[in-house]
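Enquirer: Fold the following for me, if possible:
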Amino acid sequence: MVDLTKSFSSPELIDDGYDTSPSKRIIKQIPSYRYLKSSAGPSTAKDIGLETIRNKCPHFGNWLCQLENLNN
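Expert: Numbering: from 1, shown residues only. Predicted structure coming up:
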């Protein structure tokens, strides 16, 4: 399996079109993922951890900060 994260500075940059979205790339290598997408994503995010995701995905991290600061 190809590790695309090594080809991009951030996982956020992997998605550059409909046919190259992360889920489409995964389905090409693991066809059964098509039916697991809605459960595998949250499970994988839980395994990785929010702090790691925030560090690797700065746009997502900034968006979360904005949400967290809505009450301030």
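
Enquirer: Strands of this protein, residue ranges please.
Expert: Using DSSP state E, the chain contains no strands.

Enquirer: Return, as residue ranges, the portions of it with sub-threshold pLDDT.
Expert: Counting by pLDDT under 70, the ranges of the chain that qualify are 1-2, 4.

Enquirer: Pick out the residue nearest the middle of it.
Expert: P11 (6.3 Å; CA atoms, centre = their mean).

Enquirer: Run through the residues that contact it.
Expert: P11 sits next to T5, P22, K56, C57 when contact means CB atoms under 8 Å, 6 or more residues apart in numbering. All C-beta atoms are positioned from the backbone trio N, CA, C, and that covers glycine.

Enquirer: Spatially nearest residue to the last one (excluding sequence neighbours)?
Expert: Computed as CB to CB, 6 or more residues apart in numbering, the closest residue to C57 that is not its neighbour in sequence is E12, at 4.9 Å.

Enquirer: Equivalent analysis for the first one, please.
Expert: Here the nearest residue to T5 in space, its sequence neighbours aside, is P11; by CB to CB, 6+ apart that works out to 5.8 Å.

Enquirer: Who are the contact partners of S23?
Expert: Y33, K37.

Enquirer: Fine by me, thanks again.
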